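Asks: Let me see the structure of the following:
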Amino acid sequence: MIRPLLLALALALPMTARAQTDPLAAPPAVGLPDDLAPEVPVPTARPAVRAPLPGAEPTIRVRLLATRSDVTLTALGSARLLDGAGALLETVQPGERIAVGRAPSGLRVTVGSGAGRTVAAEQVRLVPTGDPAQSRTAAVSGGEYRGTLTVERGTDGVRLVNEVPLEQYLRAVVPAEIGRFRDDKLTAAAAAQAVAARSYALVRLASGGDLSAGVADQVYRGAGLETPITDRAVELTRGQVIRSNGQILAGFFHAVCGGQTEAVQAVWSGGRPDPALVRTSDNLTGDGDFCRAAPTYRWTETYTREQLESILRRTLSDPALKLGVAPPEPGARLRDLYVTERTPSGRVGTLRVVMGERTYLVHGDAVRRVLLRPGGREILRSSLIRLELTRDENDWITQIQILGGGSGHGIGLCQVGATEMSRRGFTHPQILSAYYRGAELVTAYGGADPDTLSNP
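Replies: Modelled structure (predicted):
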(Lines give C-alpha, C1' and ligand atoms only; values in the text may rest on other atoms or scores of the structure.)
Protein backbone atom coordinates (compact mmCIF):
# COMPACT_ATOMS: atom_id res chain seq x y z
CA MET A 1 0.00 0.00 0.00
CA ILE A 2 1.26 3.49 -0.81
CA ARG A 3 0.79 6.02 1.97
CA PRO A 4 1.84 9.56 1.00
CA LEU A 5 3.95 11.78 3.21
CA LEU A 6 3.25 15.35 2.18
CA LEU A 7 6.38 17.43 1.75
CA ALA A 8 4.80 20.78 2.63
CA LEU A 9 7.03 23.87 2.55
CA ALA A 10 4.44 26.67 2.60
CA LEU A 11 4.31 27.49 -1.09
CA ALA A 12 2.36 30.63 -0.29
CA LEU A 13 5.48 32.32 1.12
CA PRO A 14 6.43 35.22 -1.18
CA MET A 15 9.68 35.19 -3.14
CA THR A 16 10.68 38.56 -4.52
CA ALA A 17 12.32 38.30 -7.93
CA ARG A 18 16.05 38.88 -7.94
CA ALA A 19 17.16 42.15 -9.50
CA GLN A 20 17.75 41.66 -13.21
CA THR A 21 20.82 43.88 -13.16
CA ASP A 22 22.70 41.74 -10.65
CA PRO A 23 21.87 38.04 -10.91
CA LEU A 24 24.57 37.17 -8.38
CA ALA A 25 23.11 39.31 -5.60
CA ALA A 26 22.06 37.49 -2.44
CA PRO A 27 18.58 35.98 -2.89
CA PRO A 28 15.83 36.68 -0.37
CA ALA A 29 15.50 34.35 2.57
CA VAL A 30 12.54 32.02 2.88
CA GLY A 31 11.58 31.08 6.42
CA LEU A 32 11.55 27.45 7.51
CA PRO A 33 8.01 26.62 8.70
CA ASP A 34 7.23 24.25 11.55
CA ASP A 35 5.26 21.89 9.28
CA LEU A 36 8.48 20.60 7.73
CA ALA A 37 8.67 17.80 10.32
CA PRO A 38 8.64 14.33 8.71
CA GLU A 39 5.51 13.19 10.51
CA VAL A 40 3.51 15.84 8.58
CA PRO A 41 2.48 14.59 5.49
CA VAL A 42 13.99 19.19 -20.74
CA PRO A 43 17.35 22.71 -25.66
CA THR A 44 18.42 18.98 -25.63
CA ALA A 45 16.18 15.96 -25.30
CA ARG A 46 15.18 15.40 -21.69
CA PRO A 47 13.20 12.59 -20.07
CA ALA A 48 9.56 13.14 -19.28
CA VAL A 49 8.89 14.92 -16.01
CA ARG A 50 6.53 12.25 -14.63
CA ALA A 51 5.77 8.53 -14.87
CA PRO A 52 3.32 6.10 -13.20
CA LEU A 53 4.31 4.11 -10.11
CA PRO A 54 5.78 0.66 -10.85
CA GLY A 55 4.34 -2.47 -9.30
CA ALA A 56 7.71 -3.90 -8.28
CA GLU A 57 11.42 -3.12 -8.36
CA PRO A 58 12.49 -3.06 -12.02
CA THR A 59 15.72 -4.15 -13.63
CA ILE A 60 17.30 -1.38 -15.65
CA ARG A 61 19.76 -1.32 -18.52
CA VAL A 62 22.74 1.05 -18.38
CA ARG A 63 24.85 1.64 -21.48
CA LEU A 64 28.46 1.48 -20.27
CA LEU A 65 30.37 1.89 -23.51
CA ALA A 66 30.45 1.45 -27.28
CA THR A 67 33.65 0.58 -29.11
CA ARG A 68 35.00 -0.69 -32.42
CA SER A 69 37.54 -2.76 -30.50
CA ASP A 70 37.00 -5.80 -28.29
CA VAL A 71 35.35 -5.46 -24.88
CA THR A 72 37.38 -7.25 -22.21
CA LEU A 73 35.70 -8.35 -18.98
CA THR A 74 37.41 -9.89 -15.96
CA ALA A 75 35.15 -12.19 -13.96
CA LEU A 76 35.02 -11.36 -10.26
CA GLY A 77 33.00 -14.43 -9.34
CA SER A 78 31.65 -17.59 -10.92
CA ALA A 79 29.44 -16.82 -13.90
CA ARG A 80 27.86 -18.29 -17.00
CA LEU A 81 28.44 -16.94 -20.48
CA LEU A 82 25.23 -17.31 -22.51
CA ASP A 83 24.33 -16.57 -26.11
CA GLY A 84 21.31 -14.48 -27.07
CA ALA A 85 19.00 -17.50 -26.89
CA GLY A 86 20.18 -18.39 -23.38
CA ALA A 87 22.34 -21.36 -24.41
CA LEU A 88 25.44 -21.91 -22.28
CA LEU A 89 28.69 -21.03 -24.06
CA GLU A 90 31.15 -21.24 -21.17
CA THR A 91 31.29 -21.54 -17.39
CA VAL A 92 33.57 -18.75 -16.26
CA GLN A 93 35.74 -18.87 -13.13
CA PRO A 94 36.82 -15.90 -10.99
CA GLY A 95 39.77 -14.08 -12.55
CA GLU A 96 39.16 -15.33 -16.09
CA ARG A 97 39.13 -12.77 -18.87
CA ILE A 98 36.44 -12.69 -21.53
CA ALA A 99 37.10 -10.75 -24.75
CA VAL A 100 34.21 -10.08 -27.12
CA GLY A 101 34.41 -8.30 -30.47
CA ARG A 102 32.38 -7.92 -33.61
CA ALA A 103 32.72 -10.59 -36.30
CA PRO A 104 31.24 -10.54 -39.83
CA SER A 105 28.66 -13.16 -38.91
CA GLY A 106 28.21 -12.64 -35.17
CA LEU A 107 30.52 -12.10 -32.23
CA ARG A 108 34.07 -13.30 -31.65
CA VAL A 109 34.43 -14.66 -28.09
CA THR A 110 37.63 -15.61 -26.26
CA VAL A 111 37.62 -16.93 -22.70
CA GLY A 112 40.87 -17.09 -20.74
CA SER A 113 43.80 -18.43 -22.74
CA GLY A 114 41.60 -20.52 -24.98
CA ALA A 115 41.20 -20.12 -28.71
CA GLY A 116 38.65 -17.57 -29.82
CA ARG A 117 35.51 -18.67 -31.59
CA THR A 118 32.75 -16.99 -33.52
CA VAL A 119 29.26 -17.19 -32.07
CA ALA A 120 26.38 -16.69 -34.46
CA ALA A 121 24.54 -14.35 -32.12
CA GLU A 122 23.73 -10.66 -31.80
CA GLN A 123 24.64 -10.68 -28.11
CA VAL A 124 26.35 -12.64 -25.35
CA ARG A 125 25.55 -12.28 -21.64
CA LEU A 126 27.73 -12.81 -18.57
CA VAL A 127 25.35 -13.86 -15.77
CA PRO A 128 26.53 -14.34 -12.16
CA THR A 129 25.76 -17.64 -10.49
CA GLY A 130 25.54 -16.04 -7.03
CA ASP A 131 23.33 -13.34 -5.56
CA PRO A 132 24.08 -10.09 -7.46
CA ALA A 133 23.24 -8.10 -4.33
CA GLN A 134 26.14 -9.77 -2.51
CA SER A 135 28.66 -10.22 -5.31
CA ARG A 136 30.20 -8.35 -8.19
CA THR A 137 30.05 -9.96 -11.61
CA ALA A 138 32.97 -8.49 -13.57
CA ALA A 139 35.42 -5.65 -13.93
CA VAL A 140 35.68 -3.58 -17.10
CA SER A 141 37.35 -0.25 -17.92
CA GLY A 142 38.30 0.35 -14.30
CA GLY A 143 34.84 -0.31 -12.85
CA GLU A 144 33.32 -3.31 -11.07
CA TYR A 145 29.71 -4.14 -11.84
CA ARG A 146 26.90 -6.21 -10.34
CA GLY A 147 24.13 -7.89 -12.30
CA THR A 148 24.36 -9.10 -15.90
CA LEU A 149 26.81 -7.71 -18.43
CA THR A 150 25.64 -7.95 -22.05
CA VAL A 151 27.82 -7.36 -25.10
CA GLU A 152 25.69 -6.47 -28.12
CA ARG A 153 26.73 -6.49 -31.76
CA GLY A 154 26.44 -3.09 -33.47
CA THR A 155 26.83 -1.92 -37.04
CA ASP A 156 30.54 -1.21 -36.68
CA GLY A 157 31.50 -2.47 -33.23
CA VAL A 158 30.02 -3.65 -29.95
CA ARG A 159 28.11 -2.11 -27.04
CA LEU A 160 28.37 -3.10 -23.39
CA VAL A 161 25.20 -2.90 -21.30
CA ASN A 162 24.78 -3.60 -17.59
CA GLU A 163 21.42 -5.06 -16.54
CA VAL A 164 20.99 -4.58 -12.81
CA PRO A 165 18.17 -4.28 -10.25
CA LEU A 166 17.37 -0.65 -9.57
CA GLU A 167 18.37 -0.71 -5.89
CA GLN A 168 21.80 -2.16 -6.75
CA TYR A 169 22.22 0.48 -9.45
CA LEU A 170 21.52 3.18 -6.85
CA ARG A 171 24.24 1.85 -4.56
CA ALA A 172 26.70 2.94 -7.25
CA VAL A 173 24.92 6.11 -8.40
CA VAL A 174 24.49 7.80 -5.02
CA PRO A 175 28.21 8.01 -4.09
CA ALA A 176 29.17 8.87 -7.68
CA GLU A 177 26.72 11.76 -7.72
CA ILE A 178 26.78 13.30 -4.23
CA GLY A 179 30.00 11.91 -2.74
CA ARG A 180 31.54 8.96 -0.93
CA PHE A 181 30.36 10.02 2.50
CA ARG A 182 32.08 8.71 5.63
CA ASP A 183 30.36 11.03 8.14
CA ASP A 184 27.11 9.71 9.60
CA LYS A 185 25.79 13.28 9.73
CA LEU A 186 25.53 13.21 5.94
CA THR A 187 23.29 10.14 5.77
CA ALA A 188 20.18 12.28 5.22
CA ALA A 189 21.77 13.96 2.18
CA ALA A 190 22.65 10.56 0.74
CA ALA A 191 19.09 9.38 1.41
CA ALA A 192 17.64 12.44 -0.36
CA GLN A 193 19.96 11.77 -3.30
CA ALA A 194 18.83 8.14 -3.37
CA VAL A 195 15.17 9.15 -3.57
CA ALA A 196 15.87 11.74 -6.27
CA ALA A 197 18.00 9.31 -8.32
CA ARG A 198 15.45 6.49 -7.94
CA SER A 199 12.66 8.80 -9.07
CA TYR A 200 14.66 10.03 -12.04
CA ALA A 201 15.59 6.49 -13.10
CA LEU A 202 11.97 5.31 -13.01
CA VAL A 203 10.77 8.24 -15.11
CA ARG A 204 13.66 7.73 -17.52
CA LEU A 205 12.92 4.00 -17.71
CA ALA A 206 9.28 4.73 -18.60
CA SER A 207 10.42 6.94 -21.48
CA GLY A 208 12.23 3.98 -23.11
CA GLY A 209 15.81 3.19 -24.10
CA ASP A 210 18.93 2.44 -22.09
CA LEU A 211 20.22 4.85 -19.47
CA SER A 212 23.57 6.52 -20.01
CA ALA A 213 26.33 5.88 -17.47
CA GLY A 214 27.34 9.55 -17.63
CA VAL A 215 25.91 12.98 -16.94
CA ALA A 216 23.36 12.68 -19.75
CA ASP A 217 21.42 10.62 -17.18
CA GLN A 218 23.15 9.75 -13.89
CA VAL A 219 26.82 9.03 -13.21
CA TYR A 220 27.29 5.28 -12.78
CA ARG A 221 30.79 3.90 -12.34
CA GLY A 222 30.04 0.58 -10.76
CA ALA A 223 30.22 -0.93 -7.30
CA GLY A 224 33.73 0.25 -6.50
CA LEU A 225 32.43 3.59 -5.18
CA GLU A 226 29.95 2.11 -2.69
CA THR A 227 30.30 3.11 0.97
CA PRO A 228 28.50 1.87 4.10
CA ILE A 229 26.76 5.25 4.55
CA THR A 230 25.47 5.52 1.00
CA ASP A 231 24.47 1.84 1.03
CA ARG A 232 22.52 2.47 4.23
CA ALA A 233 20.82 5.49 2.65
CA VAL A 234 19.67 3.39 -0.31
CA GLU A 235 18.39 0.64 1.96
CA LEU A 236 16.59 3.01 4.34
CA THR A 237 14.74 4.62 1.44
CA ARG A 238 14.13 1.42 -0.52
CA GLY A 239 11.36 2.02 -3.06
CA GLN A 240 10.78 5.63 -1.99
CA VAL A 241 10.07 8.16 -4.73
CA ILE A 242 8.82 11.72 -5.00
CA ARG A 243 5.38 12.09 -6.52
CA SER A 244 3.65 15.09 -8.09
CA ASN A 245 0.16 15.19 -9.60
CA GLY A 246 -0.26 11.48 -8.84
CA GLN A 247 2.86 10.31 -10.72
CA ILE A 248 6.56 9.87 -10.04
CA LEU A 249 8.44 13.13 -10.52
CA ALA A 250 11.80 13.09 -12.30
CA GLY A 251 14.16 13.95 -9.46
CA PHE A 252 16.40 16.36 -11.34
CA PHE A 253 19.45 17.45 -9.36
CA HIS A 254 22.62 19.47 -9.83
CA ALA A 255 25.80 20.26 -7.93
CA VAL A 256 25.42 23.87 -6.73
CA CYS A 257 22.42 26.15 -7.23
CA GLY A 258 24.28 29.36 -6.41
CA GLY A 259 21.48 30.64 -4.20
CA GLN A 260 18.29 29.73 -6.04
CA THR A 261 17.06 26.83 -8.09
CA GLU A 262 14.92 27.38 -11.19
CA ALA A 263 11.69 26.10 -12.72
CA VAL A 264 12.20 23.36 -15.31
CA GLN A 265 10.48 25.23 -18.14
CA ALA A 266 12.69 28.31 -17.60
CA VAL A 267 15.88 26.29 -18.14
CA TRP A 268 15.09 23.73 -20.84
CA SER A 269 13.25 24.64 -23.99
CA GLY A 270 10.12 22.50 -24.12
CA GLY A 271 10.46 21.52 -20.46
CA ARG A 272 7.06 20.56 -19.09
CA PRO A 273 6.09 22.75 -16.10
CA ASP A 274 5.50 20.99 -12.81
CA PRO A 275 4.42 22.58 -9.52
CA ALA A 276 7.18 20.72 -7.67
CA LEU A 277 9.98 21.84 -10.02
CA VAL A 278 9.86 25.56 -9.37
CA ARG A 279 12.23 28.29 -8.25
CA THR A 280 13.32 27.88 -4.62
CA SER A 281 15.70 29.72 -2.34
CA ASP A 282 18.70 27.98 -0.80
CA ASN A 283 18.55 30.43 2.13
CA LEU A 284 15.81 28.72 4.09
CA THR A 285 17.01 29.66 7.57
CA GLY A 286 17.85 33.30 6.84
CA ASP A 287 21.58 32.99 7.62
CA GLY A 288 22.88 32.48 4.09
CA ASP A 289 22.65 29.99 1.25
CA PHE A 290 23.27 26.37 2.22
CA CYS A 291 25.56 25.93 -0.80
CA ARG A 292 27.67 29.06 -0.22
CA ALA A 293 30.76 27.10 0.94
CA ALA A 294 31.08 25.34 -2.43
CA PRO A 295 34.11 26.33 -4.54
CA THR A 296 31.77 26.96 -7.46
CA TYR A 297 29.25 29.04 -5.48
CA ARG A 298 30.89 32.03 -7.22
CA TRP A 299 33.44 31.85 -10.01
CA THR A 300 34.95 33.87 -12.86
CA GLU A 301 36.03 32.98 -16.40
CA THR A 302 38.14 35.39 -18.45
CA TYR A 303 38.61 35.35 -22.24
CA THR A 304 40.40 37.46 -24.80
CA ARG A 305 38.18 38.38 -27.71
CA GLU A 306 40.13 36.00 -29.93
CA GLN A 307 39.65 33.11 -27.51
CA LEU A 308 35.90 33.55 -27.30
CA GLU A 309 35.57 34.13 -31.04
CA SER A 310 37.29 30.80 -31.69
CA ILE A 311 34.84 29.08 -29.34
CA LEU A 312 31.78 30.83 -30.79
CA ARG A 313 32.65 30.02 -34.40
CA ARG A 314 32.48 26.37 -33.42
CA THR A 315 29.53 26.34 -31.02
CA LEU A 316 27.29 28.64 -33.04
CA SER A 317 27.74 26.24 -35.96
CA ASP A 318 26.34 23.28 -33.98
CA PRO A 319 23.15 22.12 -35.74
CA ALA A 320 21.92 20.50 -32.52
CA LEU A 321 21.31 23.96 -31.04
CA LYS A 322 18.83 24.80 -33.84
CA LEU A 323 19.61 28.51 -33.76
CA GLY A 324 18.02 29.15 -37.14
CA VAL A 325 20.93 31.28 -38.35
CA ALA A 326 23.79 30.32 -40.67
CA PRO A 327 27.14 29.61 -38.95
CA PRO A 328 29.46 32.58 -38.44
CA GLU A 329 31.52 33.51 -41.47
CA PRO A 330 35.24 32.69 -41.33
CA GLY A 331 37.01 35.56 -39.64
CA ALA A 332 33.79 37.06 -38.24
CA ARG A 333 34.55 39.18 -35.16
CA LEU A 334 32.59 39.32 -31.95
CA ARG A 335 30.79 42.65 -32.02
CA ASP A 336 28.47 42.31 -29.06
CA LEU A 337 27.35 39.91 -26.33
CA TYR A 338 24.62 40.67 -23.82
CA VAL A 339 21.74 39.17 -21.89
CA THR A 340 18.33 40.34 -23.11
CA GLU A 341 16.14 38.25 -20.80
CA ARG A 342 16.58 36.59 -17.42
CA THR A 343 14.63 33.88 -15.64
CA PRO A 344 13.06 34.64 -12.23
CA SER A 345 16.14 33.21 -10.47
CA GLY A 346 18.47 35.46 -12.47
CA ARG A 347 19.73 32.84 -14.91
CA VAL A 348 20.08 33.71 -18.56
CA GLY A 349 16.77 33.48 -20.38
CA THR A 350 18.09 34.79 -23.71
CA LEU A 351 21.64 35.66 -24.73
CA ARG A 352 22.22 37.84 -27.80
CA VAL A 353 25.47 37.18 -29.68
CA VAL A 354 26.53 39.37 -32.60
CA MET A 355 29.26 37.79 -34.76
CA GLY A 356 30.11 39.82 -37.83
CA GLU A 357 26.85 40.65 -39.57
CA ARG A 358 24.90 37.79 -37.96
CA THR A 359 22.93 37.84 -34.72
CA TYR A 360 22.20 34.73 -32.66
CA LEU A 361 19.68 34.31 -29.85
CA VAL A 362 20.56 31.53 -27.42
CA HIS A 363 17.99 30.46 -24.84
CA GLY A 364 18.14 28.91 -21.39
CA ASP A 365 20.66 26.20 -20.55
CA ALA A 366 21.92 26.15 -24.16
CA VAL A 367 24.00 29.19 -23.16
CA ARG A 368 26.34 26.81 -21.34
CA ARG A 369 27.00 24.93 -24.58
CA VAL A 370 27.71 28.10 -26.52
CA LEU A 371 29.92 29.91 -24.00
CA LEU A 372 32.35 27.08 -23.36
CA ARG A 373 34.99 27.58 -20.70
CA PRO A 374 38.42 28.85 -21.83
CA GLY A 375 40.11 25.99 -23.63
CA GLY A 376 36.88 25.22 -25.49
CA ARG A 377 36.27 21.71 -24.13
CA GLU A 378 34.02 22.10 -21.08
CA ILE A 379 30.57 23.63 -20.96
CA LEU A 380 30.07 26.70 -18.78
CA ARG A 381 29.41 25.76 -15.16
CA SER A 382 26.07 27.57 -14.95
CA SER A 383 23.77 30.01 -16.72
CA LEU A 384 23.56 32.16 -13.57
CA ILE A 385 26.04 34.69 -14.97
CA ARG A 386 26.85 38.35 -15.42
CA LEU A 387 28.90 39.58 -18.41
CA GLU A 388 31.55 42.28 -18.19
CA LEU A 389 33.03 43.46 -21.51
CA THR A 390 36.16 45.56 -21.96
CA ARG A 391 36.35 47.63 -25.15
CA ASP A 392 39.12 49.66 -26.82
CA GLU A 393 38.91 53.24 -28.05
CA ASN A 394 37.22 52.03 -31.25
CA ASP A 395 34.55 50.17 -29.26
CA TRP A 396 35.90 46.74 -30.22
CA ILE A 397 35.67 44.11 -27.50
CA THR A 398 39.10 43.18 -26.13
CA GLN A 399 38.23 41.08 -23.07
CA ILE A 400 35.22 39.22 -21.72
CA GLN A 401 34.69 38.28 -18.11
CA ILE A 402 31.90 35.94 -17.05
CA LEU A 403 31.07 36.20 -13.36
CA GLY A 404 29.01 33.16 -12.44
CA GLY A 405 27.28 31.38 -9.63
CA GLY A 406 26.67 27.68 -9.12
CA SER A 407 27.33 24.55 -11.12
CA GLY A 408 24.78 22.63 -13.17
CA HIS A 409 21.37 23.32 -14.68
CA GLY A 410 19.84 24.55 -11.42
CA ILE A 411 16.69 22.40 -11.41
CA GLY A 412 15.59 20.39 -8.38
CA LEU A 413 17.95 19.21 -5.63
CA CYS A 414 21.10 21.25 -4.95
CA GLN A 415 23.59 18.58 -3.87
CA VAL A 416 25.89 20.83 -1.86
CA GLY A 417 22.88 22.52 -0.29
CA ALA A 418 21.43 19.13 0.64
CA THR A 419 24.76 18.10 2.17
CA GLU A 420 24.87 21.20 4.35
CA MET A 421 21.24 20.70 5.42
CA SER A 422 22.11 17.13 6.43
CA ARG A 423 25.14 18.35 8.37
CA ARG A 424 22.82 20.69 10.31
CA GLY A 425 20.45 17.87 11.24
CA PHE A 426 17.68 18.10 8.65
CA THR A 427 16.07 14.79 7.66
CA HIS A 428 15.80 13.50 4.12
CA PRO A 429 12.06 14.34 3.85
CA GLN A 430 12.90 17.90 4.93
CA ILE A 431 15.69 18.15 2.37
CA LEU A 432 13.44 16.85 -0.40
CA SER A 433 10.68 19.28 0.57
CA ALA A 434 13.10 22.18 0.29
CA TYR A 435 13.88 21.44 -3.36
CA TYR A 436 10.71 19.72 -4.67
CA ARG A 437 7.96 22.03 -3.43
CA GLY A 438 4.67 20.39 -2.50
CA ALA A 439 5.68 16.95 -3.76
CA GLU A 440 4.80 13.74 -1.90
CA LEU A 441 7.21 11.13 -0.61
CA VAL A 442 5.71 7.69 -1.23
CA THR A 443 6.87 4.07 -1.25
CA ALA A 444 6.38 2.63 -4.72
CA TYR A 445 7.61 -0.90 -3.94
CA GLY A 446 9.32 -2.82 -1.13
CA GLY A 447 10.56 -1.06 1.97
CA ALA A 448 8.50 0.61 4.68
CA ASP A 449 5.97 3.38 4.28
CA PRO A 450 7.72 6.76 4.72
CA ASP A 451 5.64 7.66 7.79
CA THR A 452 6.82 4.52 9.61
CA LEU A 453 10.51 5.03 8.90
CA SER A 454 13.18 5.92 11.40
CA ASN A 455 14.79 8.84 9.62
CA PRO A 456 18.51 8.65 8.79
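Asks: contacts and neighbour counts: CA atoms only from here.
Replies: OK.
Asks: most residues in a single helix of the chain, which one?
Replies: helix 187-206 (DSSP state H).
Asks: Remind me what it packs against, helices and strands.
Replies: The contact analysis (3 or more C-alpha pairs under 8 Å, 6 or more residues apart in numbering; DSSP states H and E) places helix 187-206 against strand 50-51, helix 166-178, helix 228-236, strand 240-244, strand 247-249, helix 415-423, helix 428-435.
Asks: Quick check: buried residues in stretch 282-301?
Replies: 282, 283, 284, 289, 290, 291, 292, 294, 296, 297, 298 (16 or more other C-alpha atoms under 10 Å).
Asks: how about the helices of the stretch 301-450 of the chain, start to end?
Replies: Assigned by DSSP state H, counting those that start in this stretch, the helices in the stretch 301-450 of the chain fall at 305-315, 367-370, 415-423, 428-435.
Asks: Dump those to TSV, plus mean pLDDT and mean neighbour count.
Replies: Formatted as TSV, those follow (pLDDT from 0 to 100; neighbours: other C-alpha atoms under 10 Å):
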stretch	mean pLDDT	mean neighbour count
helix 305-315	96	18
helix 367-370	97	23
helix 415-423	98	24
helix 428-435	97	27
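Asks: Figure out which of those helices is closest to residue 341.
Replies: helix 367-370 (12.2 Å; C-alpha to C-alpha).
Asks: can you give me how far stretch 167-184 is from the chain middle?
Replies: Centre-to-centre, stretch 167-184 and its host chain are 13 Å apart (C-alpha atoms, centre = their mean, to the nearest Å).
Asks: May I see the buried residues of that stretch?
Replies: Result for stretch 167-184 [16+ other C-alpha under 10 Å]: buried residues 167-181.
Asks: for the record, mean pLDDT for it?
Replies: In this model, stretch 167-184 carries a mean pLDDT of 96.
Asks: Nearest to residue 325, out of the helices and strands packed on helix 187-206?
Replies: Nearest of the helices and strands packed on helix 187-206 (C-alpha to C-alpha): strand 50-51, 33.6 Å.
Asks: ok, how many other residues are close to residue 381?
Replies: Using other C-alpha atoms under 10 Å as the criterion, residue 381 is surrounded by 23 other residues.
Asks: what ranges do the strands span in the stretch 51-200 of the chain?
Replies: Under the criterion DSSP state E, counting those that start in this stretch, the stretch 51-200 of the chain contains strands at 59-67, 71-75, 79-83, 88-92, 97-103, 106-111, 117-119, 123-128, 138-140, 143-145, 148-153, 158-165.
Asks: Quick one: closest of these to residue 435.
Replies: strand 59-67 (26.1 Å).
Asks: Point to the residue nearest the middle of the chain.
Replies: The structure's the chain has its C-alpha centroid closest to residue 218; by C-alpha atoms, centre = their mean the separation is 4.4 Å.
Asks: for this protein, which spans come out with low pLDDT?
Replies: 1-21, 26-50, 132-133, 447-456 (pLDDT under 70).
Asks: re the thing from before, so is the residue nearest to the centre of the chain in a helix, a strand, or just coil?
Replies: Here residue 218 is coil, with the state taken from DSSP: H, G, I helix; E, B strand; the rest coil.
Asks: now the helices of the stretch 301-450 of the chain in CSV, with distance to residue 195?
Replies: Formatted as CSV, the helices of the stretch 301-450 of the chain follow (distance: least, C-alpha to C-alpha, whole Å):
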stretch, distance to residue 195
helix 305-315, 35
helix 367-370, 27
helix 415-423, 13
helix 428-435, 9
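Asks: Identify whichever of these lies nearest to residue 142.
Replies: That would be helix 415-423 among the helices of the stretch 301-450 of the chain, by C-alpha to C-alpha, at 25.6 Å.
Asks: Please state the offset of the longest helix of the chain from the chain centre?
Replies: 10 Å.
Asks: Tell me which residues touch residue 79, please.
Replies: 91, 92, 93, 94, 126, 127, 128, 129, 130, 137 (C-alpha atoms under 8 Å, 6 or more residues apart in numbering).
Asks: Filter the residues you listed down to the buried ones.
Replies: In the contacts of residue 79, the ones that pass as buried (16+ other C-alpha under 10 Å) are 92, 93, 126, 127, 128, 137.
Asks: Quick check: beta-bridge partners of the fourth one?
Replies: Read that as residue 127. Counting by DSSP bridges, residue 127 forms beta bridges with residue 80.
Asks: ranges for the strands of the stretch 301-450 of the chain?
Replies: If DSSP E, counting those that start in this stretch is used as the criterion, the strands of the stretch 301-450 of the chain fall at 334-342, 348-355, 358-363, 385-391, 397-404, 413-414, 440-443.
Asks: Residue 63 is nearest to which of those strands?
Replies: Here strand 413-414 is closest among those (C-alpha to C-alpha), at 24.7 Å.
Asks: Within the sheet, what are the partner strands of that closest one, with directions?
Replies: strand 253-254 (parallel).
Asks: Following the chain onward from the partner strand, which element is next?
Replies: Once strand 253-254 ends, the next helix or strand along the chain (criterion: DSSP states H and E) is helix 264-267.
Asks: Looking at the buried ones among the contacts of residue 79, which is nearest residue 324?
Replies: Nearest member of the buried ones among the contacts of residue 79 to residue 324, counting by C-alpha to C-alpha, is residue 126, at 46.9 Å.
Asks: Skip the chain neighbours and tell me the closest residue to the closest one.
Replies: residue 81 (4.6 Å; C-alpha to C-alpha, 6 or more residues apart in numbering).
Asks: do residue 416 as well
Replies: residue 291 (5.2 Å).
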